[in-house]
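Peer 1: have a look at this prediction, sequence included:
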Amino acid sequence: MSFINKLSAAWATNNSLLCVGLDPDITKFPPHLRNQPAAIFTFCKAIIDATADTACAFKPQIAYFSALRAEDQLEAICDYIRNAHPTIPIVLDAKRGDIGATAEQYAREAFERYGADAVTMSPYMGWDSVAPYLEWKNRGAIILCRTSNPGGSDLQFLTVEGKPLYQHVARLVADKWNTNGQCALVVGATFPEELAQVRNIIGDMPLLVPGIGAQGGDIQATVNAGKTANGTGMMINSSRAILYAKPDEAAGEDFAAAARRVALETRDAINRFRVGAVV
Ligand SMILES: O=c1ccn([C@@H]2O[C@H](COP(=O)(O)O)[C@@H](O)[C@H]2O)c(=O)[nH]1
């Protein structure tokens, strides 16, 4: 099944636009996990099992694994998601971008080694740097457009031929690169006005929208700006706010139960502003 069809099915089955981000930071793990041999796998597995029915996608961020030489645990996590929760797409957040020959290897890394359904990448090396990913016809290419960080404005907001650069990226992907319907864009929840502009340019193309939760993006503004006519069209990501939800010790709540509680609250908060969702 293609990435876009798998994502559409997950939106419907789980009644959710929430993407659960997997950014495992050992210093924030519960003390009993920190010194275990495969602590990252154990932590992520518990989060995945606790949140799978609340999510439309899981998004592992590769830097949290490679920084600790834990790519083997990332492989194991991707295998686990595919086997235990096969209907939930895996979005590998790697933000790749390089010349075509190197991009071919990055595509193999994402789609063969990790078995990801989609991978994030930069558009700024142009068509030949993106084309190798699009050879994988049933996988997704998620291209940075208007990122959630304040510094994103340094370049993405520059005016080029009368329009901000991020709008050129949106138009280029929608009109020229998305020939097989496998592209999506990254637009931050921290910039709802730009999110609305991008939605106007790209029609129903999916958006990966990081920036709610720890980065403070407003859920109502995000959903209103980014939803499609049928109330879908987005993977709204939250990582730290779910992974490190404060356990309520008094109620005996463990980290995974706390993550589930916050994931459910976030999914329901998103659904309040959609059409066609059961709240
Ligand atoms: O514009 C972007 C693109 C990617 N990200 C990634 O999303 C998560 C956000 O984590 P939070 O803890 O929910 O803030 C993280 O993996 C980033 O690398 C982004 O934030 N903004």
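Peer 2: Received the coordinates, thanks.
Peer 1: what residues sit buried inside the longest helix that the chain contains?
Peer 2: Counting by DSSP state H, the longest helix found in the chain is helix 255-271. Of the residues in helix 255-271, those scored as buried under the neighbour-count criterion (16 or more other C-beta atoms under 10 Å) are 255-256, 258-264, 266-267, 269-271. Glycine gets a C-beta too; all of them are placed from N, C-alpha and C.
Peer 1: hey, C-alpha coordinates of that helix in PDB?
Peer 2: What follows is the C-alpha trace of helix 255-271 in PDB, where atoms were taken according to Å, rounded to 0.1, in the frame of the first residue of the first chain:
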ATOM      1  CA  PHE A 255       5.600   7.000  31.900                       C
ATOM      2  CA  ALA A 256       3.800   5.100  29.300                       C
ATOM      3  CA  ALA A 257       0.400   5.700  30.900                       C
ATOM      4  CA  ALA A 258       1.200   9.400  31.200                       C
ATOM      5  CA  ALA A 259       2.200   9.400  27.500                       C
ATOM      6  CA  ARG A 260      -1.100   7.800  26.600                       C
ATOM      7  CA  ARG A 261      -3.100  10.300  28.600                       C
ATOM      8  CA  VAL A 262      -1.400  13.200  26.900                       C
ATOM      9  CA  ALA A 263      -1.600  11.600  23.400                       C
ATOM     10  CA  LEU A 264      -5.400  11.100  23.900                       C
ATOM     11  CA  GLU A 265      -5.800  14.700  25.200                       C
ATOM     12  CA  THR A 266      -3.900  16.000  22.200                       C
ATOM     13  CA  ARG A 267      -5.800  13.800  19.700                       C
ATOM     14  CA  ASP A 268      -9.100  14.900  21.200                       C
ATOM     15  CA  ALA A 269      -8.100  18.600  21.200                       C
ATOM     16  CA  ILE A 270      -7.200  18.300  17.500                       C
ATOM     17  CA  ASN A 271     -10.500  16.600  16.800                       C
END
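Peer 1: now do that helix, average pLDDT.
Peer 2: Within the predicted structure, the mean pLDDT of helix 255-271 is 97.
Peer 1: near the ligand at all, that helix?
Peer 2: No. Looking at helix 255-271 against the ligand by C-beta under 6 Å from any ligand atom, there are no contacts, and the closest approach is 10.2 Å.
Peer 1: quick one, helices of this structure?
Peer 2: Assigned by DSSP H, the helices in the chain fall at 3-13, 31-34, 39-51, 63-66, 71-84, 100-108, 127-134, 153-156, 165-172, 192-202, 219-226, 240-243, 255-271.
Peer 1: near the ligand, which residues of this structure are found?
Peer 2: Near the ligand, when you scan the chain using C-beta under 6 Å from any ligand atom, you find 21, 23, 61, 93, 147-149, 186, 188, 210, 213-215, 237-240.
Peer 1: can you tell me which of the residues you listed are buried?
Peer 2: The neighbour-count test (16+ other C-beta under 10 Å) applied to the residues of the chain next to the ligand identifies 21, 23, 61, 93, 147-148, 186, 188, 210, 213-215, 237-239 as buried.
Peer 1: these in strands, which ones?
Peer 2: In strands, defined here by DSSP state E, the members of those are Gly21, Asp93, Val186, Pro210, Asn237, Ser238.
Peer 1: and which of those residues is nearest Arg82?
Peer 2: Taking C-beta to C-beta as the measure, Asp93 is the one of these closest to Arg82, at 17.2 Å.
Peer 1: contact partners of the longest helix of the chain?
Peer 2: Residues outside helix 255-271 that contact it (C-beta atoms under 8 Å, 6 or more residues apart in numbering): 14-18, 20, 29-30, 43, 46-47, 49-51, 54-55, 212-213, 219, 222-223, 236, 238, 241-248, 253, 277-279.
Peer 1: write a PyMOL command that selects only the buried members of these.
Peer 2: Selection command for PyMOL covering only the buried members of the contacts of helix 255-271, criterion 16+ other C-beta under 10 Å:
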select buried, resi 14+15+16+17+18+20+29+43+46+47+50+51+54+55+212+213+219+222+223+236+238+241+242+243+244+245+247+253+277
